[in-house]
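S.K.: this is the structure alone, sequence omitted:
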């Protein structure tokens, strides 16, 4: 097995020490993979957290820097196919990129997003790794 595809919802729970982090950590087996947009999404989460809690900006930045310590293989999506996949599963293009990669690699998808997990279960014919 090539490892797991991890989405921003699951990884944000881990690096920002949110509810749901422990089950995500328990699900990871092997290498981690994600589309290149993962870094943008996590930077956006960091930005939102700083705006909501400006007095904790240093701490939040510290959590965000944990991403640099993780070994995650980043992959470019098939841009031409992405909109069709997103529309066919009623997903954002962002979520469709994770779905596309998981199917391409034949890897379990770790997500905290129920809609994305359902699309994965439907398309991959299996059960996504989610809580």
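M.R.: Looks like it came in fine. This is a predicted model, so every value here is computed, not measured. Numbering: from 1, shown residues only.

S.K.: show me which helix runs longest in this structure.
M.R.: In the chain, taking DSSP state H as the definition, the longest helix is helix 37-52.

S.K.: packing partners for that helix?
M.R.: Of the remaining helices and strands, those touching helix 37-52 by 3 or more C-beta pairs under 8 Å, 6 or more residues apart in numbering; DSSP states H and E are helix 8-15, helix 57-65, strand 72-75, helix 93-105. C-beta: built from backbone N, CA, C; applies to glycine.

S.K.: if you set the cut-off to 10 Å instead, what comes out?
M.R.: Using 3 or more C-beta pairs under 10 Å, 6 or more residues apart in numbering; DSSP states H and E as the contact definition, the elements that helix 37-52 packs against are helix 8-15, strand 32-35, helix 57-65, strand 72-75, helix 93-105.

S.K.: how about the ones you listed, which one is nearest residue 87?
M.R.: Proximity to residue 87 (C-beta to C-beta) singles out helix 93-105 among the helices and strands packed on helix 37-52, at 8.5 Å.

S.K.: next helix or strand past that closest one?
M.R.: Under the assignment DSSP states H and E, the closest C-terminal helix or strand after helix 93-105 is strand 109-111.

S.K.: note down every partner strand of that following strand and its orientation.
M.R.: Sheet pairing of strand 109-111 (DSSP bridges) gives strand 4-6 (parallel), strand 129-130 (parallel).

S.K.: this completes my enquiry, with thanks.
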